[in-house]
Every structure is written in C-alpha cells, then in structure tokens.
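Enquirer: 3D, please:
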Amino acid sequence: MTHKDEPAARPGGRRAGTARIAVAHRLTDGRVVYLAASGWRESLAEATVAHGDPEAEALAARAARDAAAGLVVDPTLVEVTVDHGLPVPVRLRERIRALGPTVHPELQRDPDPRGGRRVPL
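Expert: Below is the predicted model of the structure:
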C-alpha cells in the first residue's frame, strides 16, 4: 500500500491510529515550517501532533486558513510516529526535509533546538 502526502485540506484516507503533523513552506523565505500551537515554526519538535481524524481535520483547517492568508504555501499533512516525545516523519522525504539539505552534517539543521535527539534517517 502506498501512502502519499495529502494537501492539508484533505486529512482523511489514512490508516487508523496514524498521527499527523502539518508542514508547509513559509511564504517570506521558503523555509520548511511545521504548524505548532503558537504558529508556524522551523522546529519539527514543536509541531502539533494530531492523533485521529478529528484532530487532523482541525489541523488541516488551520493550515488551510494560514495558506489562504498568505502565511505559508503548500500545506500538507504528513504521517509521523512519536519517539521519546518527538514527532518522527514516517516517509524518508519528510525526514530529509526535517534535517535540511542532504549535504555535509555540519550544514544540517537540528530539528530539536533543545539539543535533543536528531531525526534518524
């Protein structure tokens, strides 16, 4: 079974029990950002995790409103697991986005600014 990323406006169609987060690109600079309780943040660790369809639908609606307001572009819900309190994207593409460019390790961003674990590839 193939699981593709979905636009934030359509959160359904996932496996039961799948947790999701909203990811987008900030309109002002193109950076990958994650929807947190306090707005869009660059840190994956701050992302609001939706458990179940009702929470995912609310997250998707909020992301869609922010996109309509011009704060972000291309909001998408992506599947995550939660490991030691941190969301970890299921798909390799999203794990790479969380780490930054696939270049020398010194140029990668730390998804947890508190100095915690890095997202494993």
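
Enquirer: quick one: secondary structure of the spatially closest residue to residue 26 that is not a sequence neighbour?
Expert: Nearest in space to residue 26, with sequence neighbours left out and distances taken as CB to CB, 6 or more residues apart in numbering, is residue 33 at 4.8 Å. Bear in mind the C-beta positions are built from the backbone N, C-alpha and C, glycine included. Under DSSP: H, G, I helix; E, B strand; the rest coil, residue 33 falls in the strand class.

Enquirer: surely residue 33 meets residue 22?
Expert: No: contact status for residue 33 versus residue 22: not in contact, 9.1 Å apart, counting by CB atoms under 8 Å.

Enquirer: which of those two has more neighbours?
Expert: Neighbour totals were compared for residue 33 and residue 22, and residue 22 leads with 28 against 25 (other CB atoms under 10 Å).

Enquirer: so what pLDDT did that one get?
Expert: As predicted, residue 22 sits at a pLDDT of 98.

Enquirer: and the strand or helix carrying residue 94, average pLDDT?
Expert: If you go by DSSP states H and E, residue 94 is part of helix 92-99. Confidence over helix 92-99, taken as the mean pLDDT, stands at 84.

Enquirer: Next, the buried residues of it.
Expert: Along helix 92-99, the positions that meet the burial threshold by neighbour count (16 or more other CB atoms under 10 Å) are 94, 95, 97, 98, 99.
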